[in-house]
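Visitor: turn this into a model:
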Amino acid sequence: MDLLLNTVQSYDWGSVTALPRLMGTAPSGHPQAELWMGAHPAAPSRVPRAREPLPLDQVIAADPLAELGADTLRRFGPRLPFLLKLLAADAPLSVQVHPDLAQARAGFALEDALGVPLTAPHRNYRDAHHKPEMFVALDRFQGLCGFRAPRQCADLLDTLRVPALDPHASTLRALPEARALAEVFTAFLAPPAGLVDAVTRAVEAAAGRGGPYQADFVAYAGVARAHPGDPGLLPALMLRHIVLEPGEALFLGAGIPHAYLSGLGVEIMASSDNVLRCGLTSKHVDAAELVKVVRFTAMPTRVLTPREEDGEEAYPAPVDDFRLSRFRLRPDQPARRLPAGAPQILLCVDGEAEVTAASGAVRIGPGRSVYVPAASEVSLTGAGTVFRATVGMGGAGKQDRTYADSRTADRA
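Guide: Now for the predicted structure:
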């Protein structure tokens with residue numbers, strides 16, 4: 001096993017204090033948004049296996065069978081299929097969606113055939129992989145996720161009292177769900193002059209009026225202040241405002257528009273860079289490609305809670321690229337044995353844990369993590385909370401039962 005040396009990503013939307021406070025380090029004075037743990041080539045973790053720490057992607061490439069195990073290698077090739085992060089948002093991220101696997105493969109191949117450089121700012125598909133995600137809150141967390149039901153969305157637009165929105169509210173009430181959402185969403189991507197400013201003023205006013213959508217309008221007002229004049233405010237109005245309490249989670253599948261607003265948490269995803277943005281960003285927005293990927297359905301947003309599985313609290317997801325679970329360790333408990341067979345990353349978020357292998361033991365505190373190759377069996381003891389990221393066991397559809405252990409984020 002290896003104690004990981006990880007990269008902090010300093011995006012503008014990150015918190016100046018949240019990650020340093022968790023890790024017990026001095027703030028840099030700049031936003032610290034994400035701590036990456038994994039083998040993504042953009043910022044691979046490093047492991048101390050030589051005179052100088054080696055990037056984990058290079059370590060895996062040198063001996064993929066020992067590092068990943070035969071099953072992971074067969075299913076995903078010579079790459080770690082998941083990326084684990086600590087994420088600290090102090091301002092809204094862009095509204096975005098991710099493609100499914102077929103869309104990612106086709107889009108990547110087409111842009112390659114057209115000669116679009118991988119680093120081009122207008123490139124949509126930077127690899128041939130999908131990017132499902134799961135986020136677990138460590139403190140109170142706010143975000144936007146999934147479409148409201150069309151009639152509920154129409155009621156919210158009416159509450160703003162902006163006459164230019166009235167035709168869109170009528171569309172949402174008159175047409176079938178998928179067509180209604182698609183037509184209004186597409187129109188909001190290219191609004192007429194003056195509409196964003198009018199909606200910004202209306203959102204601020206509605207946030208102070210009370211009523212059933214007040215909490216939503218308070219969140220949207222924060223979005224508008226963080227991204228003044230950005231047309232992404234309009235499609236954001238179509239998305240449900242959700243709040244996670246510590247320990248609660250969201251799973252974000254392909255085609256589901258979403259944005260994180262504020263809070264600290266653990267995020268796991270398939271290891272991919274494929275993001276199509278809808279707004280609240282200075283980056284490229286490809287409206288034509290975006291509407292091909294977005295799923296125009298108002299499925300309920302499920303807030304998940306962990307499920308007890310053989311001594312660990314699991315957050316199963318309907319994909320095989322990753323599996324995320326949590327151990328809440330106590331000194332009076334016996335050691336938790338984690339068998340060999342698949343690669344693992346163990347991340348401590350509070351307290352202290354000891355990870356023991358045949359080669360020795362490593363202690364980790366908040367924000368520290370350990371990589372365990374597939375060939376190693378380890379045990380876990382301590383007093384604190386440790387998240388375990390590994391590869392799904394296959395047959396992801398069987399994991400859908402977790403959604404029974406959830407609450408609906410819908411207001412109506």
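Visitor: what about Pro163, distance to Pro228?
Guide: Here Pro163 is placed at a distance of 22 Å from Pro228 (C-beta to C-beta, to the nearest Å). Yep, even glycine has a C-beta here, placed from its N, CA and C like the rest.
Visitor: hey, where'd the strands end up in the stretch 101-250 of the chain?
Guide: Using DSSP state E, counting those that start in this stretch, the strands found in the stretch 101-250 of the chain span residues 133-137, 141-147, 239-244, 249-252.
Visitor: which residues of the chain score low on pLDDT?
Guide: For the chain, the stretches with pLDDT under 70 are 395-412.
Visitor: ok, now with 80
Guide: For the chain, the stretches with pLDDT under 80 are 50, 311, 394-412.
Visitor: gap between the residue nearest the centre of it and Cys145?
Guide: Nearest residue to the geometric centre of the chain (C-alpha atoms, centre = their mean): Glu133, 4.5 Å. In this view, Glu133 and Cys145 are 11 Å apart by C-beta to C-beta.
Visitor: what is in contact with the two at once?
Guide: Here Glu133 and Cys145 have Leu252 as joint contacts, going by C-beta atoms under 8 Å, 6 or more residues apart in numbering.
Visitor: and the helices in this protein?
Guide: Counting by DSSP state H, the chain has helices at residues 18-23, 56-62, 64-68, 70-76, 101-113, 150-160, 166-174, 177-189, 195-207, 214-226, 233-236, 287-293.
Visitor: most packed of those helices?
Guide: Highest mean neighbour count of the helices of the chain: helix 233-236, a mean of 26 (counted as mean count of other C-beta atoms under 10 Å).
Visitor: mind giving me the packing neighbours of it?
Guide: Contact here means 3 or more C-beta pairs under 8 Å, 6 or more residues apart in numbering; DSSP states H and E; on that basis helix 233-236 packs against helix 177-189, helix 195-207, helix 214-226, strand 276-279.
Visitor: buried set for stretch 325-341?
Guide: Within stretch 325-341, the residues that count as buried by 16 or more other C-beta atoms under 10 Å are 325-327, 329, 336, 338, 341.
Visitor: tell me which of the residues you listed is nearest to Ala236?
Guide: Set against Ala236, the nearest of the buried residues of stretch 325-341 by C-beta to C-beta is Arg326 (30.5 Å).
Visitor: neighbours of the nearest residue to that closest one once chain neighbours are set aside, how many?
Guide: With C-beta to C-beta, 6 or more residues apart in numbering as the criterion, Arg326 has its nearest non-adjacent residue at 4.5 Å, and that residue is Glu313. Glu313: 18 surrounding residues under other C-beta atoms under 10 Å.
Visitor: contacts only, for Phe135.
Guide: Residues in contact with Phe135, defined by C-beta under 8 Å, 6+ apart, are 87, 141, 143, 244, 249-250, 252, 260, 265-267.
Visitor: of all these, which comes closest to Leu93?
Guide: Tyr260 (4.7 Å).
Visitor: Ile60 reaches Pro81, doesn't it?
Guide: No: assessed by C-beta atoms under 8 Å, Ile60 is found out of contact with Pro81, at 10.8 Å.
Visitor: sorry, back to before: got CSV for the strands of the stretch 101-250 of the chain, with distance to Thr7 too?
Guide: Output for the strands of the stretch 101-250 of the chain, formatted as CSV (distance: least, C-beta to C-beta, whole Å):
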stretch, distance to Thr7
strand 133-137, 19
strand 141-147, 23
strand 239-244, 25
strand 249-252, 23
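Visitor: which ones are touching the closest residue to Gly384 other than its chain neighbours?
Guide: What sits nearest to Gly384 in space, not counting adjacent residues and going by C-beta to C-beta, 6+ apart, is Gly351, at 1.9 Å. Neighbouring residues of Gly351 by C-beta under 8 Å, 6+ apart: 329, 365-366, 382-385.
Visitor: who wins on neighbours among those?
Guide: Gly382 (22 neighbours).
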